[in-house]
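*Asks:* pasted the sequence and its predicted model underneath.
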Amino acid sequence: MNADALRRWLAEPRTAAYRFPVHAVIDAYQHYGKHSVPAEWTVLLRCARDRLPEVPDPNELLATLLNILLDKSDGRFDYRSYLALPLIPIPDPDDSPQPAHRLLARRDRLHTLLLTDLIAFELQALDTTSAPLPLQRPDLALVTKRLRHAVRAATPALRRLSFVIPDAGSPLANARRLAASVAISQGTSAQQMLRTTMLPVSRVHDEWMFIRVLQTFELTFGLLAVDLAAIITAAQGGQLPTLGARLSFAAALLRETTPLWSLLATLQPAAFHSFRVHTDGASAIQSRAYKLCESLCRTPDPDRLHSAAYLSVPDVQARISSGQATIADLLAAIHSDERTVAEQPALADGLREFTAAVHQWRRTHYRLAVRMLGTDQRGTGDTPGTPYLLRSRDTPLFEGPDATDPSQASR
């Protein structure tokens, strides 16, 4: 595993950014693990980043990738760089508005790509000893269980995309058929995204699955944040009849992630602790997409707004400080307007469904964290860890005496 291709590019970087040896660099990072990449690679990649201005047609994606590759040596390693989130087109309320069906289709395609990449990796590790991340491989029974959950997690999105995979009779056969079918339909940009967003810190097999599952959660919460922002805008424009239905759909999308928890539960505790020691600084408490969703439901209490949860996402904190509208604000307006009484039953149903889905997600997250870490374990980067998850598990999603039932809130 040498750096000759990178040295050749450095000898003449003016050739073009697309000639950069991306595959050689990614192979090296997957071979060593980001935490243990030899200093030689770090020095050469720093030189490459410094010389990017010499490239006639600068490639923004390459600049982003180099920053992610060098995050540990730069002292910038965090949740976003660990998961390479800047290289995944996660839906965002600040992006140019797009029709809801297009955003859902984009999320479904990315969701499917990430999960089928995980499936392909697990199958490769079964079939050959040359697969990356060779340490602490799970046994066949655990891999089979993992593949079954991965296919289940991908199925709702596949159905919406009209991508039907006939049952082949066994979890392994189903997984092979799905991986082969999706691989055929992959374009160059999809392949590049999958390659550049798998930068594990270790050589431990299970880290591949861990990264892909967290990335799929980020996709879902990104889309939910867009949906919540759109719901607020629609309600402000007087489109109240659709509010309950859109919240019900958001709840359904979140419930679809349930198999991801079953998939993540196949993580071997010993394997998790082996690579977790190298993830200091990267914690899910830094998830921007989740904080957007939470803050769009209601304005966080001051102690939470100024806690590590929001200090790690300063742009979300700034949105809140500038007066970001929330679902709770809409509820307050609805409760004061008797003309909306006719729409309240559907709205109440949507609120109840979405609240239940979020609380179920939080409780499942807490249970899995306790299984892996125990009840009093600090999180990475000395974040609050499971005690924090316990406190936030049942935090009200909306405000009011009975915020999931608008007909009761003014009583």
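*Replies:* Sure thing, it's come through.

*Asks:* didn't Leu178 look like it was pressed against Leu118?
*Replies:* No. Leu178 lies out of contact with Leu118 (Cβ atoms under 8 Å); the separation is 11.0 Å. In short, each C-beta sits where N, CA and C put it, glycine included.

*Asks:* who's more crowded, these two?
*Replies:* Leu118 (27 against 24; other Cβ atoms under 10 Å).

*Asks:* apart from its neighbours in sequence, what residue is nearest Trp208?
*Replies:* With sequence-adjacent residues excluded and distances taken as Cβ to Cβ, 6 or more residues apart in numbering, Trp208 is closest to Phe121, at 5.1 Å.

*Asks:* and the one you found, what does it touch?
*Replies:* Ala131, Pro132, Trp208, Met209 (Cβ atoms under 8 Å, 6 or more residues apart in numbering).

*Asks:* so where does it fall, helix or strand?
*Replies:* In this assignment (DSSP states H and E), Phe121 forms part of helix 100-127.

*Asks:* next structured bit after that helix?
*Replies:* helix 140-160.

*Asks:* contacts for that next one?
*Replies:* 104-105, 107-109, 111-112, 115-116, 118-119, 122-123, 125-126, 138, 164-165, 171-172, 174-175, 178, 209, 216, 256-257, 259-260, 262-263, 266, 268.

*Asks:* what packs against whichever helix or strand comes after it?
*Replies:* Heading C-terminal from helix 140-160, the first helix or strand you meet, by DSSP H and E, is helix 171-185. Contacts defined by 3 or more Cβ pairs under 8 Å, 6 or more residues apart in numbering; DSSP states H and E place helix 171-185 against helix 100-127, helix 140-160.

*Asks:* any chance of these in TSV, plus mean pLDDT?
*Replies:* Shown next, in TSV, are these (pLDDT from 0 to 100):
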stretch	mean pLDDT
helix 100-127	95
helix 140-160	96
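
*Asks:* in TSV: those, plus distance to Ala252.
*Replies:* Listed next are the helices and strands packed on helix 171-185 as TSV, based on distance: least, Cβ to Cβ, whole Å:
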stretch	distance to Ala252
helix 100-127	11
helix 140-160	9
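
*Asks:* quick one: closest of the ones you listed to Pro314.
*Replies:* helix 100-127 (25.2 Å; Cβ to Cβ).

*Asks:* buried set for the closest one?
*Replies:* 103-104, 106-123, 125-126 (16 or more other Cβ atoms under 10 Å).

*Asks:* would you mind getting the angle between it and helix 171-185?
*Replies:* Per axes from the mean of the first three to the mean of the last three Cα atoms, to 10 degrees, the angle that helix 100-127 makes with helix 171-185 is 120 degrees.

*Asks:* helix 100-127: how far from the chain's middle?
*Replies:* Chain-centre distance of helix 100-127: 12 Å, with Cα atoms, centre = their mean, to the nearest Å.

*Asks:* mind starting the numbering at 499 from now?
*Replies:* Fine by me, first position is 499 from now on; the one you just mentioned is helix 598-625.

*Asks:* tilt between that helix and helix 638-658?
*Replies:* 160 degrees.

*Asks:* which stretches of this protein have low pLDDT?
*Replies:* Within the chain, the segments meeting pLDDT under 70 span 512-516, 556, 594, 739, 833-842, 873-894, 896-909.

*Asks:* hmm, 80 instead?
*Replies:* Scanning the chain for pLDDT under 80 picks out 499, 511-516, 553-557, 594-595, 666, 733-740, 829-846, 871-909.

*Asks:* what domains does the record give for it?
*Replies:* 502-574, 598-891 (automatic domain parsing).

*Asks:* any idea which of the ones you listed is most buried?
*Replies:* Of all those, domain 598-891 carries the top mean neighbour count, a mean of 18, counting by mean count of other Cβ atoms under 10 Å.

*Asks:* next one: it to chain centre, how far?
*Replies:* 5 Å.

*Asks:* what sits against Arg693?
*Replies:* Applying Cβ under 8 Å, 6+ apart, we find Arg693 in contact with Val520, His521, Ile524.

*Asks:* closest to Val553 out of the residues you listed?
*Replies:* Val520 (13.8 Å).

*Asks:* give the helix, strand or coil label for the residue nearest to Leu564 when sequence neighbours are not counted.
*Replies:* Spatial nearest neighbour of Leu564, excluding adjacent residues (Cβ to Cβ, 6+ apart): Arg547 at 4.4 Å. When classified by DSSP: H, G, I helix; E, B strand; the rest coil, Arg547 comes out as helix.

*Asks:* which ones are touching Arg547?
*Replies:* Applying Cβ under 8 Å, 6+ apart, we find Arg547 in contact with Ala561, Leu564, Asn565, Leu568.

*Asks:* name the helix or strand for the third one, please.
*Replies:* When elements are defined using DSSP H and E, Asn565 is found to belong to helix 558-567.

*Asks:* I'd like the next helix or strand past that helix.
*Replies:* Heading C-terminal from helix 558-567 (DSSP H and E), you reach helix 569-572.

*Asks:* how far is the very next helix or strand once past that next one from where the chain is centred?
*Replies:* Next helix or strand after helix 569-572 toward the C-terminus (DSSP H and E): helix 577-580. The chain centre lies 10 Å from the centre of helix 577-580; the measure is Cα atoms, centre = their mean.

*Asks:* send the alpha carbons of helix 577-580 over as CSV?
*Replies:* The C-alpha trace of helix 577-580 is given here as CSV (Å, rounded to 0.1, in the frame of the first residue of the first chain):
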residue,chain,number,x,y,z
TYR,A,577,-19.5,13.6,13.8
ARG,A,578,-19.9,15.3,10.4
SER,A,579,-16.4,14.5,9.2
TYR,A,580,-16.4,11.0,10.6
